[in-house]
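Trainee: Predicted model and sequence below, questions to follow.
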Amino acid sequence: MPDAEDVRRLALALPDTTEKTAWNMPTFRVAGKMFATLPEEETSIAVRCPKEERDELVLAEPDKFWVAHHEAGFAWIRVRLKALEDDGELDDILADSWRQAAPTRLCDEHPDLGRPLTD
């Protein structure tokens, strides 16, 4: 089960990512734009997620994903760390959120980050 240190390690391994405290919690930013936070005593993460995908994830896996009331109007989703299978799943979630926040230049330089693997 991944924990807050795994979030920090994997997030900071993504290109041009920095950590900054905001709202009394760690936030992770790519090129200055936030893509992940560690709220709730660092037992969950909040990441970017398109609203239409977010609703499907919450319905499919409500023990893993939920939307915080104050974030309902925004394209963010919460993920319970204890519900994740392993670091690989966490890495995929962080990379997908990173891609949504990263500038085009960085996405073009790292085309495989945050994209599903194809067979």
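Mentor: That came through, no problem.
Trainee: residues near residue 69, how many?
Mentor: Using other C-beta atoms under 10 Å, residue 69 has 7 other residues around it. (C-beta placed from N, C-alpha, C; glycine too.)
Trainee: Give me the phi and psi for it.
Mentor: With angles defined as degrees, to the nearest 10, residue 69 sits at phi -50, psi -40.
Trainee: ditto for the one 5 residues further on
Mentor: Main-chain dihedrals, residue 74, degrees, to the nearest 10: phi -120, psi 160.
Trainee: Can you get me a residue count around it?
Mentor: Residue 74: 14 neighbours (other C-beta under 10 Å).
Trainee: from now on call the first residue 314
Mentor: That works, and once the first residue is 314, the last one we named lands at residue 387.
Trainee: For stretch 370-381, buried residues please.
Mentor: Of all the residues in stretch 370-381, those buried under the rule 16 or more other C-beta atoms under 10 Å are 370, 371, 377, 378, 379, 380.
Trainee: out of those residues, which one sits closest to residue 396?
Mentor: residue 377 (3.9 Å; C-beta to C-beta).
Trainee: wait, what's in contact with the closest one?
Mentor: By C-beta atoms under 8 Å, 6 or more residues apart in numbering, the contact set of residue 377 is 370, 392, 393, 396, 397.
Trainee: By neighbours, which of those wins?
Mentor: In the contacts of residue 377, the most neighbours by other C-beta under 10 Å go to residue 392, 24 neighbours.
Trainee: Who are the contact partners of residue 381?
Mentor: Neighbours of residue 381 in contact, by C-beta under 8 Å, 6+ apart: 352, 359, 389, 391.
Trainee: Apologies, that question was intended for residue 391.
Mentor: Taking C-beta under 8 Å, 6+ apart, one finds 352, 357, 358, 359, 378, 379, 380, 381, 384 in contact with residue 391.
Trainee: Check residue 390 too.
Mentor: 359, 360, 362, 367, 370, 371, 378, 379, 380, 384.
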